[in-house]
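[1] Sharing a model that was predicted from the sequence below.
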Amino acid sequence: MNQPRKMVVAFGGLLVLSLLVIAAAPELVMEQPHERARREIARINAALEAYRTATGAYPVGNNFVIVRALTGERDGGPAYISLSATQRNERGEMLDPWGTPYEITINPMTGALRIRSAGPDLTFAPPGATIDDDVRGWEPAN
């Protein structure tokens, strides 16, 4: 067998092996929604902390108002987070991997942050729920 043909056979074998690995382990190729939600919650938290450090207080309001403050759209200030068009809905709210707006609340009395995704069922679980698939971050314990 000549050299070029051996290289083609070897390359073909590597290609087949690569496709088998990709088919068998999609989590190696694509980030899972729960992990993406946790990563985005951490990004939101970091942006909120940077905003608070720069301005002396967290932005106050709902998801839309907070996102506008963090992206610099509210007052023309610096951006503490950047979002693609697919990460926002038509109202400008930041969306979780399932397309639901993140719940971002800041207790004005204590400054405690609560950031969570509704999870795959698209519904925020009420406090004390026995079935709960929400993805949480920086939330005070009950």
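    The structure has been received and is ready for your questions. Numbering: from 1, shown residues only.
[2] Next, the contact list for Ala47, please.
    Listed by Cβ atoms under 8 Å, 6 or more residues apart in numbering, the contact set of Ala47 reads Leu70, Tyr80, Ile81. The way it works is simple: take the backbone N, C-alpha and C, and place the C-beta from them, glycine included.
[3] Report pLDDT for Gly111.
    The per-residue pLDDT reported for Gly111 equals 81.
[4] Show the contacting residues for it.
    Gly111 makes contacts with Tyr58, as judged by Cβ under 8 Å, 6+ apart.
[5] now Ile81
    So Ile81 contacts Arg43, Ile44, Ala47, Val67, Leu70, Thr71 (Cβ under 8 Å, 6+ apart).
[6] so can I have TSV of those residues showing secondary structure, distance to Gln87 and pLDDT?
    What follows is these, written out as TSV (DSSP: H, G, I helix; E, B strand; the rest coil; distance: Cβ to Cβ, whole Å; pLDDT from 0 to 100):
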residue	secondary structure	distance to Gln87	pLDDT
Arg43	helix	10	95
Ile44	helix	11	96
Ala47	helix	13	96
Val67	helix	9	96
Leu70	helix	12	97
Thr71	coil	11	96
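[7] So which of the residues you listed is the closest to Gly61?
    For those, the closest approach to Gly61 (Cβ to Cβ) belongs to Val67, at 9.3 Å.
[8] State the number of residues packed around the residue lying closest to Pro33 once chain neighbours are set aside.
    Of all residues beyond its chain neighbours, the one nearest Pro33 is Pro97 (3.8 Å), with distances taken as Cβ to Cβ, 6 or more residues apart in numbering. Neighbours of Pro97 under the rule other Cβ atoms under 10 Å: 19.
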